[in-house]
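Asks: Below is the sequence, then the predicted model.
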Amino acid sequence: MKSLKFLLTGIFFGIVLVKSEAVSWYRIYEMFQFQSFHMYGIIGSAVVVGIIGVWLIKRSKLNSIEGQPIVLPPKDRSIARYLIGGTIFGLGWALAGACPGPMYILVGTGVLSMLLVIAGAILGTFFYGLIKDRLPH
Amino acid sequence: MDYILQPWPWYVSGPLIALVMLALIYFGKTFGMSSNLRTLCTIGGADNFASFFKFDWKSQLWNLTVVLGAVIGGFIAVNFLSDGSLIDLNSQTVEDLSTLGFDNAGASLLPPELFNWGNVWTPKGLMILIGAGFLVGFGTRYAGGCTSGHAITGLSNLQWPSLVAVIGFFIGGLFMIHVLFPLIFSA
């Protein structure tokens, strides 16, 4: 039963991303052309609500559902890995029109060719794991 | 009910995405979709090749469960919660795309020119899909997160590394659309 909440969260996430059209390749193209506010509105309002929510969680010292203190691990300090890795990610994001969340969701919408993109993403992750120590971080 | 079946506006969708992130925090986890790619590598035996994949993948089962839910959610949204509305793209976007060889932009979620099987099974079609996936998978792990981990979670937690990553996402995305698309696609 513990995993039911994760399943329901995933279902909710999948529905929201389809209904918002954030899973659409066209919306990603439009975003990078700065021709619509839609995607910026989605990400922007998510971050604004997220900032307030995270602030409230920290301030209220809320415990997790399992009674543990909530800790949000800070990101490692670096510029190179975020800028280079981020740029490589962006190239793929714009071409596939999907980041990892939408990739899975789109399979559910019936676009089975997305499985090839996922296969590529798994391969890319594997390749990163192989050469990780030789990259600037 | 009409409001649910129509496309949802950004000011409804964005806060709901934040809710997903906050729910996962409350469950004692963090929102990060790309971590599942590493988990899948490990399940597939990648831990025999690199130490990066040596970890207890069972500790990530919850995240794979979110993925399973997301797939089901996609199915439900398209089959039971949609009225078949077209995507209301900027008309300039539709025009720009037609000069690149993408017709009827917005009539479906994704361009059939890239994702229909007839176009997938060509050397170029395969290279685009697998190559794009490769860049996403490599880049996201290098950057330590994707849109969910950096743009949503990281920025919500005021992490400047996430802002650097998001700037990277846009450098790459803008370069792809403005410089590489005209080289890759033509009408």
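Replies: Great, that's in hand. Small disclaimer: the values here were computed from a predicted structure and weren't measured.
Asks: for the residue most central in space within chain B, what are its contacts?
Replies: The geometric centre of chain B, computed from its C-alpha atoms, lies nearest to B:T147 (CA atoms, centre = their mean), at 7.6 Å. When contacts are counted by CB atoms under 8 Å, 6 or more residues apart in numbering or on different chains, B:T147 is found next to A:43, A:93, A:99-101, B:33, B:169. (Each C-beta comes from the backbone N, C-alpha and C, glycine too.)
Asks: Sort out which one of those lies nearest B:P15 for me.
Replies: Set against B:P15, the nearest of the contacts of B:T147 by CB to CB is A:I43 (11.6 Å).
Asks: quick check, the helix or strand hosting the closest one touching chain B?
Replies: According to DSSP states H and E, A:I43 maps onto helix A:38-59. Yes - in terms of CB under 8 Å from any CB of the partner chain, part of helix A:38-59 sits within range of chain B, namely A:38-51, A:53-54, A:57.
Asks: Are any of these buried, and if so which?
Replies: Of the members of the residues of helix A:38-59 next to chain B, the ones counted as buried by neighbours, 16 or more other CB atoms under 10 Å in any protein chain shown, are A:38-39, A:41-43, A:45-47, A:49-50, A:53-54, A:57.
Asks: number of nearby residues for B:V66?
Replies: If you count neighbours by other CB atoms under 10 Å in any protein chain shown, B:V66 ends up with 30.
Asks: Skipping adjacent residues, who's closest to B:L16 in space?
Replies: Counting by CB to CB, 6 or more residues apart in numbering or on different chains, B:L16 lies nearest to A:V16, which is 4.6 Å off, once chain neighbours are set aside.
Asks: mean confidence score for the one helix or strand B:E95 maps to?
Replies: Remark: B:E95 resides in helix B:91-99, with elements defined by DSSP H and E. Per-residue pLDDT values over helix B:91-99 give a mean of 97.
Asks: And it, what's buried?
Replies: Residues of helix B:91-99 classed as buried under the neighbour-count rule (16+ other CB under 10 Å) are B:93-94, B:96-97.
Asks: so which two of those residues are the farthest from each other?
Replies: Greatest spacing in these, by CB to CB: B:V94 and B:D96 (7.4 Å).
Asks: How far off centre is the lowest-mean-pLDDT helix or strand in chain B?
Replies: When each helix and strand of chain B is scored by mean pLDDT, DSSP states H and E, helix B:2-5 comes last, with a mean of 90. Relative to its chain's centre, helix B:2-5 lies at 24 Å (CA atoms, centre = their mean, to the nearest Å).
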